[in-house]
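Chemist: Sequence isn't available, so here's the structure alone:
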């Protein structure tokens, strides 16, 4: 009987050793990508694409090489959430800086490794000029930093002969990276936000080790016998990333409004309207593909445009339709830039995540309006942009393209039969003619005087007493 038990024990040990050997010889797959840029919609897309590709390839680990000074809070929150929901262990190698939004992203990862001379922290929410935003924005960031640190749970350590549980990453330290009023004795300086160097991060549980490169990171993480894969961006990826750039998005917004303005100056459907439609397509298409712009946001924008056109062409003056149209346009453009998942999370929503997208939209519209008012008349009468014939044609050389009688209308006083916004209709000698207001908008029924006739178009202004 003893002999039989010994045989069973030897067999069990052999099976265990074989399983251990197979486990050690199994080649692991490591998915690697870089995030060396400002945190914005493009950065969020890069992270999401790489995690999805790693999951599709059934990678064993993901390693992200990070170097950033921060960026948009909404984009950082999207990246953080994508990493926390990833089923594959995510390692981050901070090869220089993980400041502000970068600190939030790094803390979300399962393991943090840092290059000598690197740093992590300084996560106070600031505006574009570097000014500290009000406490309601800081409160939201504190909450995210604290909850992200808590997701990594606690670990058991022995202190003074006693076994105690401590946080793997102390949430109080995460808060101190945002709020200078959070003071931790021996860790942070009073009145200053917390920033860890590499060695300080190691001592305080915010870094697993110091490394010079990715290979050393994998050695420290006890990952051997691996194959490293990287995502190869396509030409379509490059185009989408280009269109997601905030500067490009601002230009597209200006193209939309500029095209509509200049279309109102000319009869029929022409190049300006086509340019506006093209700008809207380029603006919404990449956002829709990436899941940022949803159907209802595009519908809100289109509804706003319809209401604004109704106000301009149908209803005189400015009323509910025009104001509602502007609100819906701004709302549709802004909401399409925001990850809608932030509205469905357990943590309190903070208005801070929509400040930057809203500022981008309003600023772009304002610049577009100012540019249209200043350059509009010059462009419409410029030889380069005017589509009418510029050469002078005499009657003895053939026909002329406009009624020569209209030149004699200059100086005549007449009445508007439609609002001039700035283009509309006026009554001259019981005939209806198209005219453009030189300055501002003119209501229906007002008295105007024809000031000039150029390129087949009448121009007028309000008659002063």
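Modeler: Received it, and whenever you're ready, just let me know what you need. Nothing here was measured: the structure is a model prediction, and the numbers come from that model.
Chemist: For the protein, name the helix or strand with the lowest mean pLDDT.
Modeler: Ranked by mean pLDDT, DSSP states H and E, the weakest helix or strand in the chain is helix 2-25, scoring a mean of 50.
Chemist: Which positions within stretch 203-222 qualify as buried?
Modeler: 204-211, 214, 217-218, 220-221 (16 or more other CB atoms under 10 Å). Backbone N, C-alpha and C define where each C-beta goes, glycine included.
Chemist: ignore the last one, stretch 305-313
Modeler: 305, 307, 308, 311, 312.
Chemist: Which ones among the buried residues of stretch 203-222 map onto strands?
Modeler: 209, 210 (DSSP state E).
Chemist: from the buried residues of stretch 203-222, which is closest to residue 365?
Modeler: When those are compared for distance to residue 365 (CB to CB), residue 206 wins out at 42.4 Å.
Chemist: how close does that closest one get to residue 418?
Modeler: Distance of residue 206 to residue 418, given as CB to CB, to the nearest Å: 67 Å.
Chemist: For residue 184, give me phi and psi.
Modeler: Backbone torsions for residue 184, taken as degrees, to the nearest 10, come to phi -120, psi 110.
Chemist: which non-adjacent residue is nearest it?
Modeler: Excluding the flanking residues, the one nearest residue 184 by CB to CB, 6 or more residues apart in numbering is residue 176, at 5.7 Å.
Chemist: ok, that neighbour - contacts?
Modeler: For residue 176, the contacting residues are 182, 183, 184, 187, 188, 193, 194, by CB atoms under 8 Å, 6 or more residues apart in numbering.
Chemist: If any of the residues you listed are buried, give me the PyMOL selection for them.
Modeler: In PyMOL, a selection of the buried entries from these looks like this (16+ other CB under 10 Å):
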select buried, resi 182+187+188+193+194
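Chemist: Residue 122 reaches residue 103, doesn't it?
Modeler: Yes - assessed by CB atoms under 8 Å, residue 122 is found in contact with residue 103 at 7.1 Å.
Chemist: got the buried residues for stretch 38-47?
Modeler: 39, 40, 41, 42, 43, 44, 45, 46, 47.
Chemist: residues touching the second one, list them.
Modeler: By CB under 8 Å, 6+ apart, the residues touching residue 40 are 71, 72, 75, 244, 245, 246.
Chemist: what do you get for the third one?
Modeler: By CB under 8 Å, 6+ apart, the contact list for residue 41 reads 72, 75, 244, 246, 290, 292, 337.
Chemist: Nearest residue to residue 80 in space, please, no chain neighbours.
Modeler: Closest to residue 80 by CB to CB, 6+ apart is residue 108, at 4.4 Å.
Chemist: What's the local residue count around that neighbour?
Modeler: 26 (other CB atoms under 10 Å).
Chemist: which secondary structure elements does whichever helix or strand residue 452 is part of contact?
Modeler: Using DSSP states H and E, the element containing residue 452 is strand 447-454. Judged by 3 or more CB pairs under 8 Å, 6 or more residues apart in numbering; DSSP states H and E, strand 447-454 is in contact with strand 413-416, strand 423-428, strand 431-437, strand 457-462.
Chemist: for residue 327, helix, strand, or coil?
Modeler: helix (DSSP: H, G, I helix; E, B strand; the rest coil).
Chemist: I'd say it and residue 307 touch.
Modeler: No - assessed by CB under 8 Å, residue 327 is found out of contact with residue 307, at 9.2 Å.
Chemist: element containing the residue lying closest to residue 207 once chain neighbours are set aside, please.
Modeler: Closest residue to residue 207 apart from its sequence neighbours, by CB to CB, 6+ apart: residue 201 at 3.6 Å. Per DSSP H and E: residue 201 is located in helix 198-203.
Chemist: can you check residue 286 too?
Modeler: Going by DSSP H and E, residue 286 is in helix 271-289.
Chemist: Please enumerate residues in contact with that helix?
Modeler: Contacts for helix 271-289 (CB under 8 Å, 6+ apart): 239-240, 243-244, 249, 252-253, 255-263, 265-266, 293-294, 298, 301, 333, 336-337.
Chemist: Could you count how many residues lie near the residue nearest to residue 110 when sequence neighbours are not counted?
Modeler: Nearest residue to residue 110, sequence neighbours excluded (CB to CB, 6+ apart): residue 89, at 4.7 Å. Residues lying near residue 89 (other CB under 10 Å) number 15.
Chemist: Now do the contacts for residue 89.
Modeler: By CB under 8 Å, 6+ apart, residue 89 lies in contact with 60, 61, 62, 110, 111.
Chemist: Among the contacts of residue 40, which one is most surrounded by other residues?
Modeler: Neighbour counts for the contacts of residue 40 peak at residue 75, which has 25 neighbours (criterion: other CB under 10 Å).
Chemist: Distance of the closest residue to residue 87 other than its chain neighbours relative to residue 82?
Modeler: Nearest non-adjacent residue to residue 87, counting by CB to CB, 6+ apart: residue 55, 7.0 Å away. According to CB to CB, residue 55 stands 11 Å off from residue 82.
Chemist: Mind checking which of these two has more residues around it?
Modeler: Under the neighbour definition other CB under 10 Å, residue 55 and residue 82 were set side by side, and residue 82 has more, 20 against 14.
Chemist: I figured the more buried one was touching residue 50, is that so?
Modeler: No - at 9.7 Å, residue 82 and residue 50 do not qualify as touching, with contact defined as CB under 8 Å.
Chemist: Hmm, residue 411 is touching residue 448, no?
Modeler: No - Residue 411 is beyond contact range of residue 448, at 11.7 Å (criterion: CB under 8 Å).
Chemist: So which of those two has more stuff around it?
Modeler: Shown here are residue 411 and residue 448; by other CB under 10 Å, residue 448 has more neighbours (23 against 9).
Chemist: show me what contacts the more buried one?
Modeler: Counting by CB under 8 Å, 6+ apart, residue 448 has contacts 413-416, 420, 426, 435, 437, 442, 460-463.
Chemist: burial count for residue 143?
Modeler: 15.
Chemist: tell me which element it falls in.
Modeler: Residue 143 is part of helix 135-150 when elements are defined by DSSP H and E.
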